[in-house]
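Peer 1: Provide a 3D model corresponding to the input given below.
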Amino acid sequence: MSLVSRQMVEKAGVNVDELVELLVRNAAAELTTFYYYTILRVNLIGMEGEGLKLITEDARIEDRNHFEALVPRIYELGGKLPDDMKKFHDCSACPPANLPKDPTDVKAILKILLKAEQCAVRGYTHICNITFGKDHRTYDLALAILHEEIEHEAWFAEFLAQGPSGHFARNTVGESPFVSKFLHP
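Peer 2: Below you'll find the predicted structure:
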């Protein structure tokens, strides 16, 4: 299928095959992060961990939303998701957010969450940089996801006492205030 949207992006000077690969790798990161955050959240127990559960859940659901928002754009540009879930996992743009050796170490879990968000911020910044002024739809989507990933990073950094973030929790868990316009009910 030859879509005008892909042709226009190519004509604007974007290597669409490279862009699709980046989108697939970031979609893999979002879906695997959703999975790993589920495990991390379950292990956030005790007085220290309970305070982190809500924002971890928020980031977890919003990462799933990011995956859902990325998939249509991948296919619009002529790409597709891998047929094999193991290959999809392994092509992730970010390393797995595995549970630490000591699953009761809330600070270690928090550092894993922060590292995952920082990887996402770098990935979406890169996509924004290569699509700015050339692929308006992908840029808008990547920028919306970037906004949410920066907020996630700020939440976790704040818990590590790296300074106040200025961000507040969502009104509804998994709200995705920036990405929701890309999701279809």
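Peer 1: flag the shaky bits of this structure, pLDDT-wise.
Peer 2: Low-confidence segments of the chain, defined by pLDDT under 70: 1-2, 185.
Peer 1: can you map out the helices along it?
Peer 2: 4-11, 16-42, 46-76, 85-90, 106-131, 136-159 (DSSP state H).
Peer 1: residues near Ala120, how many?
Peer 2: As a burial measure, Ala120 scores 26 neighbours (other CB atoms under 10 Å). Using the backbone N, CA and C atoms, a C-beta is placed for each residue, glycine as well.
Peer 1: what does Asp84 give?
Peer 2: Every residue meeting other CB under 10 Å relative to Asp84 is counted, giving 10.
Peer 1: would you check how far apart it and His136 are?
Peer 2: With distances taken as CB to CB, to the nearest Å, Asp84 is found 32 Å from His136.
Peer 1: same list, the helices of the chain, but as a markdown table with distance to Asn171 please.
Peer 2: Written out in a markdown table, the entries for those read as follows (distance: least, CB to CB, whole Å):
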| stretch | distance to Asn171 |
| --- | --- |
| helix 4-11 | 34 |
| helix 16-42 | 20 |
| helix 46-76 | 10 |
| helix 85-90 | 32 |
| helix 106-131 | 21 |
| helix 136-159 | 13 |
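Peer 1: return the set of buried residues in stretch 169-185.
Peer 2: Of the residues in stretch 169-185, those with enough neighbours to count as buried (16 or more other CB atoms under 10 Å) are Arg170, Glu175, Ser176, Phe178, Val179, Phe182.
Peer 1: likewise for stretch 107-125?
Peer 2: Applying a neighbour-count criterion of 16+ other CB under 10 Å, one finds 109-110, 112-114, 116-121, 123-124 buried in stretch 107-125.
Peer 1: biggest separation within those, which pair?
Peer 2: Checked with CB to CB, the buried residues of stretch 107-125 reach their widest spread between Ile109 and Tyr124, with 23.1 Å between them.
Peer 1: ok, how many other residues are close to the residue nearest to Lys53 when sequence neighbours are not counted?
Peer 2: Take Lys53 and drop its neighbours on the chain: the residue closest to it by CB to CB, 6 or more residues apart in numbering is Leu44, 5.0 Å away. Residue neighbour count, defined by other CB under 10 Å, stands at 22 for Leu44.
Peer 1: now swap in Cys94 and tell me
Peer 2: Other residues lying near Cys94 total 21 when counted by other CB under 10 Å.
Peer 1: residue contacts, Glu21?
Peer 2: Glu21 is in contact with Gly79, counting by CB atoms under 8 Å, 6 or more residues apart in numbering.
Peer 1: distance check, it against Ala120.
Peer 2: For Glu21, the distance to Ala120 equals 17 Å [CB to CB].
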